[in-house]
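Asker: build me a model from this:
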Amino acid sequence: MVIDSQPRQALVRRVTGLARSTPGRLGLIVVVLVVASLASGWLSTWSVDRQERALEDLATRSEPLAHAAQEVYRALQDADATAASAFLSGGLEPPQLRERYEKDIAQAQAALSVATASSPDLTTTLAAQLPVYTGLIETARSNNRQGFPVGAAYLREASGLMRTQLLPAAQELYRAETDRVGRAQDEADFPVVPVLVALAFVIALVLVQRYLTRKTNRLLNVGLLIATGAAALSLLWVTTVSVLVMNNVSDSRTASAKVDVLAQARIATLTARGEETLTLVARGSGQTYEKNFLEVSQRLQGLLDQAGRLDDTDAVDAATRHFQEWQQVHQRIRQADDAGQYTEAVGLIGTPAFDSLDQDLVKAIGQARQDFSDEVAVARTSLAGTVVGVVVLALIGAAGATMGLWQRLKEYR
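Answerer: The predicted structure is shown next:
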């Protein structure tokens with residue numbers, strides 16, 4: 001079947017002719033400006049909404065979950081160190097050590113239940129092996145109370161389970177949640193593309209006004225001036241709040257980095273305490289534990305130095321001072337143990353320097369977390385009302401462009 005092409009060609013000539021005429025061009029410009037205003041507004045709104053959701057996630061989900069994961073690791077590490085310290089007492093352990101161990105296990109389970117809701121795949125090992133660990137500790141306690149040497153073997157088996165399975169799983173969980181904080185911070189960063197699009201729209205409005213001035217010899221177009229003002233105000237608003245948010249997010253990165261360093265320092269502190277205690281539990285065959293203690297202590301010193309460079313506070317300074325005091329006490333422990341004065345060495349394990357160091361790190365972590373929360377809260381406040389404002393300005397821009405060009409189109413009727 002042959003289709004007559006003449007009607008189609010006539011239609012094409014009419015469309016192209018209209019496009020080449022001034023009314024046709026003005027009509028096309030109206031459509032383009034309206035679409036551009038709405039598209040720029042939508043893109044800016046989307047970017048601001050994305051920042052708001054990222055900041056909300058930081059405040060209510062990512063950072064609290066990262067802290068919960070850190071608490072799982074810390075509580076497990078402290079429980080292991082406390083169980084070893086209680087074992088050294090022989091027979092019935094001191095009530096305060098037993099209470100501390102039970103509190104650590106309860107805190108680990110509570111934090112684990114919070115983390116499981118977010119990352120169930122990363123908590124499987126912890127949920128399965130924690131009851132095994134506590135069972136081994138109870139068996140070690142029972143044998144130790146009865147004076148059976150096999151109790152030490154059960155304690156070492158429990159500590160081995162903690163080191164090879166529980167703590168690596170807790171570390172993986174902590175890293176995953178910390179990475180989630182970093183991703184949320186990235187999403188709240190400066191929206192480069194939406195700002196460039198909004199800037200391009202403002203420039204387009206200025207160029208259209210110049211085009212109309214040349215065509216009509218009229219200097220001002222009220223509608224386009226309104227559209228340009230609305231677009232420029234939207235651009236300035238989004239850019240300003242985004243810069244403010246970017247600065248707050250940057251400061252929150254510093255705070256979260258400090259939290260991470262201090263958390264690692266606290267974990268290293270507890271690890272070193274466990275190695276120090278197990279050296280005495282081994283009774284003359286704990287060279288491996290002592291070697292581990294020295295390695296962890298060296299890493300702890302580096303972490304404290306790093307924390308001081310990030311933010312030199314009184315808590316970090318006090319932690320460094322108490323760490324040095326603890327190292328001096330450790331030297332005395334080693335001297336007493338090597339000289340065969342085992343009871344004296346065990347008595348020195350309870351030095352206040354370790355507890356003071358731990359308390360300093362808890363205080364420093366709390367301060368850094370508060371700094372993080374403050375920065376996120378300020379960033380969220382900066383974005384308040386921006387979405388509504390951008391939507392309204394986009395509609396004003398579209399209406400202004402339509403009004404301004406419609407006045408010119410009416411002149412060609």
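Asker: drop to CA atoms for contacts and neighbour counts, all remaining ones
Answerer: Will do.
Asker: quick one: the residue nearest the centre of the chain and G397, what's the gap?
Answerer: The structure's the chain has its C-alpha centroid closest to V181; by CA atoms, centre = their mean the separation is 2.0 Å. Using CA to CA, to the nearest Å, we find V181 at a distance of 37 Å from G397.
Asker: tell me the confidence at V316?
Answerer: Each residue has a pLDDT score; the one for V316 is 90.
Asker: helices or strands up against the strand or helix carrying it?
Answerer: Element membership for V316, per DSSP states H and E: helix 314-338. When contacts are defined as 3 or more CA pairs under 8 Å, 6 or more residues apart in numbering; DSSP states H and E, helix 314-338 packs onto helix 287-310, helix 342-348, helix 352-382.
Asker: out of these, which is the most enclosed?
Answerer: helix 352-382 (a mean of 19; mean count of other CA atoms under 10 Å).
Asker: how far away from the center of its chain is the helix or strand following it?
Answerer: Downstream of helix 352-382, the first helix or strand assigned by DSSP H and E is helix 386-410. How far helix 386-410 lies from its chain's middle: 40 Å, per CA atoms, centre = their mean, to the nearest Å.
Asker: list the contacts of helix 386-410.
Answerer: Helix 386-410 is contacted from outside by 23, 26-27, 30, 33-35, 37-38, 40-42, 44-45, 48-49, 221-228, 230-231, 233-234, 237-238, using CA atoms under 8 Å, 6 or more residues apart in numbering.
Asker: any stretches of the chain with poor pLDDT?
Answerer: Within the chain, the ranges that satisfy pLDDT under 70 run 1-24, 90-91, 216-219, 312, 350, 407-413.
Asker: show me where this protein has its helices.
Answerer: Under the criterion DSSP state H, the chain contains helices at 6-20, 22-57, 63-88, 95-118, 124-145, 150-161, 167-187, 192-216, 222-281, 287-310, 314-338, 342-348, 352-382, 386-410.
Asker: which other helices and strands does the fourth one contact?
Answerer: Think helix 95-118. Going by 3+ CA pairs under 8 Å, 6+ apart, helix 95-118 lies up against helix 63-88.
Asker: can the helices and strands packed on helix 314-338 go into a markdown table with extra columns for distance to R98?
Answerer: A markdown table is the format used below for the helices and strands packed on helix 314-338 (distance: least, CA to CA, whole Å):
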| stretch | distance to R98 |
| --- | --- |
| helix 287-310 | 23 |
| helix 342-348 | 17 |
| helix 352-382 | 16 |
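Asker: to L207, which of those lies closest?
Answerer: L207 sits nearest to helix 352-382 of all the helices and strands packed on helix 314-338, at 32.3 Å, using CA to CA.
Asker: so how far is that closest one off the chain centroid?
Answerer: In terms of CA atoms, centre = their mean, the centre of helix 352-382 is found 14 Å from the chain centre.
Asker: repeat that for stretch 34-46.
Answerer: On CA atoms, centre = their mean, the centre of stretch 34-46 falls 30 Å from the chain's centre.
Asker: buried sites along that stretch?
Answerer: V34, A36, S37, L38, A39, S40, G41, W42, L43, S44, T45 (16 or more other CA atoms under 10 Å).
Asker: try stretch 126-141
Answerer: Taking 16+ other CA under 10 Å as the criterion, stretch 126-141 shows L126, A127, L130, Y133, T134, L136, I137, E138, T139, A140, R141 as buried.
Asker: re earlier: from the contacts of helix 386-410, which would you call buried?
Answerer: With neighbours counted by 16+ other CA under 10 Å, the contacts of helix 386-410 contain buried members at 23, 26-27, 30, 33-34, 37-38, 40-42, 44-45, 48-49, 221, 223-228, 230-231, 233-234, 238.
Asker: was I right to think T254 contacts L310?
Answerer: Yes - with contact defined as CA atoms under 8 Å, T254 reaches L310; the gap is 7.4 Å.
Asker: what about the closest residue to the residue nearest to the centre of the chain other than its chain neighbours, neighbour count?
Answerer: Counting by CA to CA, 6 or more residues apart in numbering, S62 is the residue found nearest to V181 once chain neighbours are left out, at 5.2 Å. Using other CA atoms under 10 Å, S62 has 24 neighbouring residues.
Asker: ok, so what distance separates S62 from V114?
Answerer: Distance, S62 to V114, using CA to CA: 12 Å.
Asker: next: T164.
Answerer: Look at T164 and V114: by CA to CA, they are 23 Å apart.
Asker: which of those two has more residues huddled nearby?
Answerer: Each of T164 and V114 has its neighbours counted (other CA under 10 Å); V114 has more, 17 against 10.
Asker: how about that one, what does it touch?
Answerer: For V114, the contacting residues are L65, A68, by CA under 8 Å, 6+ apart.
Asker: Y174 against Q70, yeah?
Answerer: Yes - the pair Y174 / Q70 is scored as a contact, 5.6 Å apart, by CA under 8 Å.
Asker: who has more neighbours out of these two?
Answerer: Between Y174 and Q70, counting by other CA under 10 Å, Q70 is the more crowded of the two (27 against 24).
Asker: ok, that one - contacts?
Answerer: The contact partners of Q70, taken as CA under 8 Å, 6+ apart, are A170, Y174, A263.
Asker: I'd like to know how many residues surround the residue nearest to the second one when sequence neighbours are not counted.
Answerer: With CA to CA, 6+ apart as the measure, A69 is the residue that lies nearest to Y174, at 4.8 Å, once sequence neighbours are left out. The criterion is other CA under 10 Å. On that basis, A69 has 27 neighbouring residues.
Asker: same check, this time on A152
Answerer: Counted with other CA under 10 Å, the neighbours of A152 add up to 22.
Asker: so what's A265 up against?
Answerer: Here A265 is in contact with L300, L303, L304, L361 (CA under 8 Å, 6+ apart).
Asker: rerun at 10 Å
Answerer: If you count contacts by CA atoms under 10 Å, 6 or more residues apart in numbering, A265 has them with 259, 271, 296-297, 299-304, 306-307, 319, 358, 361.
Asker: on that earlier part again, so which of the helices and strands packed on helix 314-338 is nearest K215?
Answerer: Using CA to CA, the nearest of those to K215 is helix 352-382, at 43.1 Å.
Asker: for that closest one, packing partners?
Answerer: helix 22-57, helix 63-88, helix 222-281, helix 314-338 (3 or more CA pairs under 10 Å, 6 or more residues apart in numbering; DSSP states H and E).
Asker: thinking again about what came up before, of the contacts of Q70, which is the nearest to A282?
Answerer: Comparing the contacts of Q70 against A282 with CA to CA picks out A170 as the nearest, at 26.1 Å.
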